[in-house]
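**Student:** what follows is a predicted structure for the sequence shown.
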Amino acid sequence: MNYIRHQQNVFAMMDANEKLKPNHVSMYISLFRIWNWNRFENPITIYRKEVMKMSKINSTTTYAKVLKDLELHGFIRYHPSFDPNQGSKVHLSIFDTGTCPPPVQNLVPLYKHIKHIHSIYSNEEVQNQSKTTDMNEKKKKAFQKPPIEHIQIYFEQKGHPSTEAERFFNYYESNGWMVGGKSKMKDWKAAARNWMLNVPKFQASPPKTTKAQTTEEKESPHKTFSGKNYSEPL
């Protein structure tokens, strides 16, 4: 079978049929893809959830109606199994005969539950692509230090002065943007909201005196030092 001429003939028939809608076209293309994965062998086994996802059809009622319409117009023969674990059988009608290009050899299976779905990529390439995707997702989720201008804008939106935003920035900049000194920050806006809640506590707390200041206050300015020889020159 020449699948290019087959597709051209199918699309020409669909264009001429005003009863067929975009759902019918997307459904047929999905069935054709599975048929291609199975080396154009009839019948093919389909699973409703998978085909609905491929066809971008969200309603099971629409799914069943579209399959019946395609069968009514002669594009397929549909044999429902009524068992989600078994899958239904679909026989695609052939609208062109001829030679078909030989299939690509040494292909790697992509889906375990369907026997003849393959990829032109090697196992190593598929694994590398998966690792690259995972790394990119982790980078997107990683915390990024916000500019101080963004923090100032956020504080002003919440009714706090920019000076408070600078205190917040300087504090976390000095400790490497660690929460509690242990965990790496994940959401600076959440940390900023907690900071704002504690602003009244910061303002109410008296300034802490150092140990040196306390010692000086205890010492009397007129304290005498026993044992000192005042006859010695200064």
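**Tutor:** Yep, that arrived.

**Student:** for the rest of this, base every contact and every neighbour count on C-alpha atoms.
**Tutor:** Noted.

**Student:** just read off the phi/psi values of residue 199.
**Tutor:** Per-residue torsions, residue 199: phi -60, psi -50 (degrees, to the nearest 10).

**Student:** where's it relative to residue 7, distance?
**Tutor:** Residue 199 sits 69 Å away from residue 7, going by Cα to Cα, to the nearest Å.

**Student:** those two: which has the busier surroundings?
**Tutor:** residue 7 (16 against 13; other Cα atoms under 10 Å).

**Student:** could you list the buried residues of the helix or strand containing the more buried one?
**Tutor:** If you go by DSSP states H and E, residue 7 is part of helix 3-16. For helix 3-16, the neighbour count (16 or more other Cα atoms under 10 Å) marks 3, 6, 7, 10, 14 as buried.

**Student:** which residues touch the helix or strand just after that helix?
**Tutor:** Note on helix 3-16: by DSSP H and E, the next helix or strand toward the C-terminus is helix 22-37. For helix 22-37, the external contacting residues (Cα atoms under 8 Å, 6 or more residues apart in numbering) are 14, 41-42, 44, 51, 54-57, 66-67, 69-70, 92, 116-118.

**Student:** helices or strands up against the strand or helix carrying residue 170?
**Tutor:** For residue 170, the host element (DSSP H and E) is helix 162-174. If you count contacts as 3 or more Cα pairs under 8 Å, 6 or more residues apart in numbering; DSSP states H and E, helix 162-174 packs onto helix 148-157.

**Student:** report all helices and strands that the helix it packs on contacts.
**Tutor:** In terms of contacts (3+ Cα pairs under 8 Å, 6+ apart), helix 148-157 is packed against helix 162-174.

**Student:** ok, the next helix-or-strand element following the helix it packs on: who's next to it in the sheet?
**Tutor:** Of the helices and strands lying after helix 162-174 in sequence (DSSP H and E), the nearest is strand 178-179. Next to strand 178-179 in the sheet, as set by DSSP bridges, lie strand 183-184 (antiparallel).

**Student:** need the contact list for residue 41.
**Tutor:** With Cα under 8 Å, 6+ apart, residue 41 has these contacts: residue 35.
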